[in-house]
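J.: kindly return the folded structure for what I paste below:
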Amino acid sequence: MNGKINVTFGDVSGSVADFGTIIPIVMAASLVSDINAGIAFMFIGIWYIVSGLYYRVPVAVEPMKAIGAAVIAGGFTAAQISASGLIIGIFFLLLGFSGGMSLIKKYTPEVVIRGIQIALALLLMKSAFVMMSGDLLSALAILPVIIFFWVISIKRGIPDLGSIVAVIIGVAAGVVMHGASVIFRFSIPVIVLPALSDFMSAGWYLVIPQIPLTITNAILATSLLARDLYHREVPDGRLSKMIGVMNLFSAPFGAFPMCHGAGGMAAHYRFGAKSGAAAVIAGIILLVFSLFLSSPATLEAIPQGVFAALLIFVSIELIRQGIKTESYLISGVMGMIALIPFAGMAGSFIFGLVAVYVKNKIHRDGSYQ
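T.: Residues are numbered from 1 along each chain as shown. Purely as a prediction, here's the structure:
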């Protein structure tokens with residue numbers, strides 16, 4: 001792709017703009033499952049660097065939100081998470097080469113995407129309250145810190161560093177309570193071999209809800225934003241192939257499933273990122289960050305209230321996106337269905353498709369006013 005990578009102050013300040021989404025989801029998912037946060041951050045960092053060098057604009061690399069919400073709510077295993085990454089990797093690689101993006105877009109109504117966003121928000125909020133109930137004091141102590149940085153970012157037009165500061169405070173608290181031995185324990189990636197049953201459960205509970213969200217937000221919206229904000233052509237097919245490659249190469253080593261994100265790119269732009277240098281800087285920061293969080297002991301040492309506070313703010317942002325729906329009824333019911341254990345977000349997604357079909361059919365028949 002055309003475009004030079006010239007590091008500017010805006011690239012430095014804009015590089016951390018998406019950490020408020022990346023850090024809470026990875027850390028909370030690591031807390032309730034057996035994936036390694038350090039390994040997850042390491043691979044996100046690596047692909048951030050590749051993304052910056054490849055696209056030459058700051059295309060964000062994020063943990064997949066639907067999978068993250070399901071893992072946080074349901075505590076899936078590393079093998080199931082790896083299986084979901086492998087399935088998604090194959091799917092998006094094939095989608096990118098086949099040119100099937102327009103067909104899937106045609107049959108995935110926006111109201112269903114908004115419903116998935118609301119479902120994600122409710123699942124994360126539920127998990128936040130569960131964590132908060134076990135550590136209310138820490139949550140109440142850290143919430144004002146996050147709010148302070150959020151307000152400052154809005155008023156002063158600077159990146160929101162609340163999530164980073166919250167994690168630093170949490171790690172410091174863990175060191176005070178448990179000693180410095182809980183940090184600087186780097187873990188070597190190990191091969192994760194999912195069983196057939198892992199692929200079955202991952203497909204239903206993790207992959208099905210994630211695919212439409214990735215197609216719309218990570219691919220179609222990102223391609224549009226690259227053209228609108230940076231005047232660069234980043235084709236849908238190229239984004240799809242990259243998502244496929246990222247997950248196929250990383251999932252077997254315990255990485256969390258990753259995709260691009262329009263919200264992340266918009267955040268980078270808002271805080272001054274001018275080129276792919278911002279993505280490269282973000283990747284380097286995450287690689288360094290991964291050194292502090294490679295030990296499960298680190299996460300266990302951080303007060304749970306810190307995770308609760310972080311998840312609340314991620315939930316609020318998802319709600320803000322979800323309420324842009326054209327049908328509060330369908331999207332709202334989808335959100336409630338996702339809270340039902342045996343249904344989850346896959347059941348929510350299927351309900352949304354059926355509800356939109358029925359609504360459109362009623363309209364066509366002239367029986368609905």
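
J.: okay, buried residues for stretch 216-226 please.
T.: When neighbours are counted by 16 or more other CB atoms under 10 Å, the buried residues of stretch 216-226 are found to be 216-223, 225-226. (Glycine included, C-beta is placed from N, CA and C.)

J.: so Ile39 touches Gly254, yeah?
T.: Yes - counting by CB atoms under 8 Å, a contact exists between Ile39 and Gly254, whose distance comes to 4.8 Å.

J.: find residues that contact each of these two.
T.: Residues touching both Ile39 and Gly254 by CB atoms under 8 Å, 6 or more residues apart in numbering: Pro189.

J.: Throw the buried residues of stretch 216-226 into TSV and include pLDDT, thanks.
T.: Output for the buried residues of stretch 216-226, formatted as TSV (pLDDT from 0 to 100):
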residue	pLDDT
Thr216	80
Asn217	80
Ala218	88
Ile219	90
Leu220	83
Ala221	81
Thr222	89
Ser223	89
Leu225	86
Ala226	91
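
J.: helices - which of those land there?
T.: Members of the buried residues of stretch 216-226 lying in helices (criterion: DSSP state H): 221-223, 225-226.

J.: and which of those residues is nearest Asn360?
T.: Ala221 (23.4 Å; CB to CB).

J.: leaving out chain neighbours, which residue sits closest to the closest one?
T.: Once its chain neighbours are removed from consideration, Ala221 has its nearest residue in Ala262; the separation is 3.5 Å (CB to CB, 6 or more residues apart in numbering).

J.: same deal with Phe253?
T.: Phe253's closest residue in space is Pro189 (CB to CB, 6+ apart), at 3.9 Å.

J.: surely the one you found is in contact with Ala251?
T.: No - in this structure Pro189 lies outside contact range of Ala251 using CB under 8 Å: 11.0 Å.

J.: which of the helices or strands spans the residue nearest to Phe253?
T.: Element membership of Pro189 [criterion: DSSP states H and E] is none; it lies in no helix or strand.

J.: what is the burial count for it?
T.: Pro189 is surrounded by 16 other residues when neighbours are defined as other CB atoms under 10 Å.

J.: likewise Gln304?
T.: A count of nearby residues for Gln304, using other CB under 10 Å, gives 22.

J.: need the contact list for it.
T.: Gln304 makes contact with 31, 131-132, 134-135, 138, according to CB under 8 Å, 6+ apart.

J.: can you flag the buried ones in those residues?
T.: Counted by 16+ other CB under 10 Å, these give 31, 131-132, 135, 138 as buried.

J.: can you add distance to Asp11 and give those residues back as TSV?
T.: As requested, these are arranged in TSV below (distance: CB to CB, whole Å):
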residue	distance to Asp11
Leu31	32
Met131	35
Met132	36
Asp135	37
Ser138	34
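
J.: which ones among those map onto helices?
T.: 31, 131-132, 138.

J.: Ile152 versus Ile116, what's the distance?
T.: Taking CB to CB, to the nearest Å as the criterion, Ile116 is separated from Ile152 by 31 Å.

J.: give me the more crowded residue out of the two.
T.: A count of neighbours by other CB under 10 Å puts Ile116 above the other of Ile116 and Ile152, at 29 against 15.

J.: you'd agree that one is in a helix?
T.: Yes - remark: Ile116 belongs to a helix, assigned using DSSP: H, G, I helix; E, B strand; the rest coil.

J.: please name the nearest non-neighbouring residue to it.
T.: Spatial nearest neighbour of Ile116, chain neighbours left out: Leu213 (5.5 Å); criterion: CB to CB, 6+ apart.

J.: mind listing what's buried along whichever strand or helix holds Met200?
T.: Under the assignment given by DSSP H and E, the secondary-structure element containing Met200 is helix 196-202. Of the residues in helix 196-202, 198-199, 201-202 count as buried by neighbour count, 16+ other CB under 10 Å.

J.: now the residues you listed in JSON lines, with pLDDT?
T.: Below are the buried residues of helix 196-202 laid out as JSON lines (pLDDT from 0 to 100):
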{"residue": "Asp198", "pLDDT": "96"}
{"residue": "Phe199", "pLDDT": "97"}
{"residue": "Ser201", "pLDDT": "93"}
{"residue": "Ala202", "pLDDT": "95"}
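
J.: turn those residues into a markdown table, columns for distance to Val280.
T.: Shown next, in a markdown table, are the buried residues of helix 196-202 (distance: CB to CB, whole Å):
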| residue | distance to Val280 |
| --- | --- |
| Asp198 | 34 |
| Phe199 | 34 |
| Ser201 | 36 |
| Ala202 | 31 |
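
J.: which residue is the nearest non-sequential neighbour of Phe351?
T.: Using CB to CB, 6+ apart and skipping the chain neighbours, the partner closest in space to Phe351 is Ile337 (5.4 Å).

J.: can you pull the contacts of the one you found?
T.: Going by CB under 8 Å, 6+ apart, Ile337 touches 119, 343, 347-348, 351.

J.: what does the average pLDDT come to for the strand or helix carrying Glu300?
T.: With the criterion set as DSSP H and E, the secondary-structure element containing Glu300 is helix 296-301. Within the predicted structure, the mean pLDDT of helix 296-301 is 72.

J.: let me know the next secondary structure element after that helix.
T.: The helix or strand immediately downstream of helix 296-301 is helix 304-322, counting by DSSP H and E.

J.: for the helix or strand following that next one, what is the average pLDDT?
T.: Remark: after helix 304-322, the chain's next helix or strand is helix 328-338, criterion DSSP H and E. For helix 328-338, the per-residue pLDDT values average out at 90.
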